[in-house]
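Q: Provide a 3D model corresponding to the input given below.
(chains A, B and C, ligands or ions: 6)
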Amino acid sequence: MMEQADKLLEVTDLKVHFTLPGGGWSRNKQILRAVDGVSFSVAPGDTLGIVGESGCGKSTLARALLCLVPVTSGSIKFKGQELTTLDDAAMRGIRRNAQIIFQDPLASLDPRMTVGNIITEPMRALMPELSRTQRHERVLAMMQQVGLLPSHINRYAHEFSGGQAQRIGIARALVVEPALVVCDEPVSSLDVSIKSQVINLLQNLQAERGLTYLFIAHDLTSVRHIAQRVVVLYLGRVMEVADRDTIYRQPRHPYTQMLIAAVPIPDPRVAREHKVSAVRGELPSPLKPPSGCAFRTRCPWAIERCAMERPELRVIENSQVACHRAEESLGSKLSG
Amino acid sequence: MKTRYSGRWFNWYPGRGAVEKVQALSEDEMIQGRSLWQDAWRRLRRNRAALLSMIVLGVIAVACIVIPWVWLYGYAQPNWDLLNHPPTWKGWHIFGTDALGRDLFVRVMWGSRISLMVGVVATLVSLIIGVSWGAMAGYIGGWVDGMMMRFVDILYSVPFIPFVIILMVLFGRNIFLIFIAIGAVSWLGIARIVRGQTLSLRKKEFVEAARASGLSSRAIVRHHIVPNLIGIVVVYVTLTIPSVILFEAFLSFLGLGVQAPMTSLGGLVSDGASVLQSSPYLLIIPAIFLGVIVYCFNFIGDGLRDALDPKDR
Amino acid sequence: MAQLLEIRDLSVHFRTEDGLVHAVSHVDFDLGEGEVLGVVDESGSGKSQTWLAVMGLLAQNGYATGSVKLHGRELLGLSPSQLSHMRGVQLAMIFQDPMTALNPYLTIGRQMTEVLQWHQKMRRSDAEARAIKALEAVHISDAGSRLKTYPHEFSGGMRQRVMIAMNMLAEPEILICDEPTTALDVTVQAQILALLNELRERFGTAIVFITHDLGVIAQIAERVAVLYGGRMMEQADVYTLFEDYRHPYTEGLLRSVPRMDEDRTERLLTIPGNPPNLAMLPKGCPFSPRCAYVEARCQQQMPELEVIAPGHVRACFHAGELGRQETGA
Ligand SMILES: Nc1ncnc2c1ncn2[C@@H]1O[C@H](COP(=O)(O)OP(=O)(O)OP(=O)(O)O)[C@@H](O)[C@H]1O
Ligand SMILES: Nc1ncnc2c1ncn2[C@@H]1O[C@H](COP(=O)(O)OP(=O)(O)OP(=O)(O)O)[C@@H](O)[C@H]1O
Ligand code: SF4
Ligand code: SF4
Ligand SMILES: [Mg+2]
Ligand SMILES: [Mg+2]
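A: Ligands and ions are numbered 1, 2, ... in the order given. Okay, here's the model as predicted:
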């Protein structure tokens, strides 16, 4: 359904399962399907947003793409090269082209390293051809680009605020000039006023360097500003994939609709019109996902079939939706 | 991982107490950056006992390095005119002389030097083995970790003192051997601590970030894991040294210590104990030195532990 | 509305190794019966400490000055036992991380009934019935059997609801919510907000809602206080604050929230600079390092709070119109 050639990253039926020791006295192990059959692709220069509630496997997916957790099955093709079968040494060649920005800015910086060393580290490992002075120059240039002062170079991570720490993380990821950057909730832990600074910075850098982003978030607001396409995840499965405008104007999956309705609107008059929450139920345990459609325990439109049969991702007009009733629901299903 | 407490004397290991003390430190506090150290230093300096201990230890260390070189007497040099003489200004025997007319002052200095050396060297040996073993086990994890730690468990259950006695009997009394024997056994504790810390460090996001930056496992252990273990290791060291010194004293008491005429504080105390009635100063003076050194290390270790403990702020 | 809580000139200081840290300086709040006060602030600038001081729960090295009156009775300087009695009955507080407030080793039921048995000398069976009612009020299904479960068996959102239920047991007059939804998903947040609105209508509880998310404020608050660096910047009713704000910081906050109900803009508006560091606040207006309207005197002296309309106060020297803020880097 899509052109194969010009995809930078192509993920097919990716599964990451964790084996946990059985609870209590039982000896049988439990399997946690953190990522359970996810497929998508990203074209060079695009931004793909990945959205879902906490614990739905977003970080696991991000790590799997960079081979930081073992993949159970499926395929990850980066520039046409299969990553799941690469050994460590071959993977190092890929790392120069695919980097990651982490969820928790402070936790992802070694507390005992100076900012300069943190940003130099990937160059030492991945670009041995550079001389010391070249590396130093690049660090300074990179710091300037992300809005850090040259005088920050000998400071330690904890001397920075969350937003600044995230800038250090961004500089570390971009200093080896990767083609793809996986951003795992880079703004979730930041203050509102700092959040937009970082999103703007990421957008500037993308425009300057022609970067491709995989932008992960747990709500739809920030994704809307940066992504061209959006993947909605629930319990490790893809619920809906569509272009940004389609997904916000015409969300087809009941879960997408719920996510959109849950975002608080910063306008007291609008907010007070619908006080009844559109959100129902709790996220089920990923160890015991519901049969059939994973969302059925919270879906206002669930029917018997939803419990029996797992809905496949189907193309409906401009979207791909995994819902048995996607066609019926062209209007918004949510009242209130 | 359980720590077994054994009341049996032959199962006593140097460094045991240190293990529990270090484990009480919260892991997060150990891996914070420079300001933690600055804070710690500030708090350590405010801890009078620790500060005084550092000064006293410093003085003793310098004295026992310098004095044997410059003093009037050697450690085995008899002064036949003054046998068994209590402290006196005559001939500068300020601590007196023993039954062979040897100057106690220089012998105490030599003894302190040997005891400190035993403590420091054995601790260093245990540190090197323990840190690499523990960091490896913790970082690799899985069944490798299981095997490596079972090995530690097995060694832990070998009765230590009979083991040392057998070594002594087989190879003769040799100070080098004492270092090795003590070091080779007291690394077990540090290995366990380091492994536990590494396990938790390994899950930290910055380690994952280093992997994403293309670092090899070895580079990660060297650049990220080990530097973040320093806090714990420092406390461990200050608490292990005195227990090693005491252990050496204990061996000397059993007659398994340093070969005469060379001596250690433990050896001096042991010799002095046999002539307690006639010349009590031969026991009291080395015993004071031994006690002071051991307490100083303990105070510094406790001070460091408190200084690095957030709850004490 | 009758004044329930009257806070005047409240300051909170901490003695630290780097000297005195002024977490909160000279703030005034009023809370009427059944009113919802929203408190907005950048993180780390004194929101929590203000209300911990009201609760008498400041850390060892902290002390508060000024006056806090509940029904005209001064709370600052009460003895610990008087405070602890008042806390269960008149004032309750919910924290950001419910796990820190719940004891992981006791069942939910035990933790809930203990309070009632202790404070109100209830019999155990009565207390359990009350606890079940409270859990049902926060929409926890199967409340009877949930009493026997431990906190870790609940999801984050459910734990927060259990916290609300526990705090509502004594039907306090004031419920202080310190960022109860910041750590939670938007979906769970929506549920908690709806629940708080419902409880308030049912029991007439006054709520203080602390957050740094203006979207949340719009859902729940009637009056809003905007703080920055521990100082009051602007206070007004929610409609005035959103539609006729008069402070540059409020403007910046409102404009940097990405909105779902409006067309997408290419660039987000931002407030440049870094969040305040309370240990090193500038001499004058705490917002001056980041303010787009900063004048020379802003850096020299702190602007006084002025009343610009009934019930609308602000602290700022800028006299002209707002609306000049540019997109930041
Ligand atoms: N190493 C692991 N071993 C076992 N389970 C894991 C592991 N890593 C993650 N999980 C589980 O996989 C599921 C998905 O976790 P993940 O961190 O990917 O979620 P997430 O979507 O990133 O959530 P958040 O928004 O909170 O970051 C969770 O239930 C988590 O407990
Ligand atoms: N015990 C203490 N000693 C010294 N300073 C403290 C202490 N407790 C809090 N502070 C300081 O007081 C300031 C205000 O803290 P407070 O918890 O009120 O911030 P906040 O606005 O609630 O932030 P957040 O949004 O992160 O919860 C912080 O800068 C903090 O460092
Ligand atoms: S498949 Fe059924 S349960 Fe799942 S989202 Fe569609 S209607 Fe709801
Ligand atoms: S007083 Fe000055 S610096 Fe402060 S908000 Fe007003 S204009 Fe800005
Ligand atoms: Mg995550
Ligand atoms: Mg707070």
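Q: C:F29: what secondary structure?
A: strand (DSSP: H, G, I helix; E, B strand; the rest coil).
Q: how about the nearest residue to it, chain neighbours excluded?
A: Closest residue in space to C:F29, ignoring its immediate chain neighbours: C:I7 at 4.2 Å, by Cβ to Cβ, 6 or more residues apart in numbering or on different chains. C-beta coordinates here come from the backbone N, C-alpha and C atoms, glycine included.
Q: run through the bridge partners of that neighbour.
A: C:F29, C:V68 (DSSP bridges).
Q: shouldn't it be in contact with C:V68?
A: Yes - counting by Cβ atoms under 8 Å, C:I7 touches C:V68, with 5.2 Å between them.
Q: which neighbours do the two share?
A: Counting by Cβ atoms under 8 Å, 6 or more residues apart in numbering or on different chains, the shared contacts of C:I7 and C:V68 are C:V54.
Q: worst-scoring helix or strand of chain A, pLDDT-wise?
A: helix A:268-273 (a mean of 81; mean pLDDT, DSSP states H and E).
Q: tell me the buried residues in that one?
A: By 16 or more other Cβ atoms under 10 Å in any protein chain shown, the buried positions in helix A:268-273 come out as A:P268, A:A271.
Q: which neighbouring elements make contact with that helix?
A: helix C:214-220, helix C:238-243 (3 or more Cβ pairs under 8 Å, 6 or more residues apart in numbering or on different chains; DSSP states H and E).
Q: so is the very next helix or strand once past the longest one next to ligand 4?
A: Right, the one you point to is helix C:214-220. For helix C:214-220, the following helix or strand on the C-terminal side (DSSP states H and E) is strand C:223-228. No - no part of strand C:223-228 sits near ligand 4 under the criterion Cβ under 6 Å from any ligand atom; the closest distance found is 8.3 Å.
Q: keeping just the C-alphas, turn the least confident helix or strand of chain A into CSV.
A: Extracted in CSV, the C-alpha atoms of helix A:268-273 (Å, rounded to 0.1, in the frame of the first residue of the first chain):
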residue,chain,number,x,y,z
PRO,A,268,-13.1,28.2,31.0
ARG,A,269,-16.3,28.8,29.0
VAL,A,270,-15.7,25.9,26.7
ALA,A,271,-14.6,23.7,29.5
ARG,A,272,-17.7,24.3,31.6
GLU,A,273,-20.0,23.3,28.8
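Q: would you map the helices across chain A?
A: Shown for chain A, the helices assigned by DSSP state H span residues A:58-65, A:88-95, A:115-126, A:132-145, A:162-174, A:192-209, A:220-226, A:244-249, A:254-262, A:268-273, A:304-308.
Q: what does the least confident helix or strand of chain A rub up against?
A: A:P264, A:I265, C:G215, C:A218, C:Q219, C:A221, C:V238, C:Y239, C:F242, C:D261.
Q: would you mind listing what in the stretch 101-250 of chain C touches ligand 4?
A: Residues of the stretch 101-250 of chain C lying near ligand 4 (Cβ under 6 Å from any ligand atom): C:P248.
Q: quick revisit: most packed of the helices and strands packed on helix A:268-273?
A: Using mean count of other Cβ atoms under 10 Å in any protein chain shown, the stretch among those with the largest mean neighbour count is helix C:214-220, at a mean of 26.
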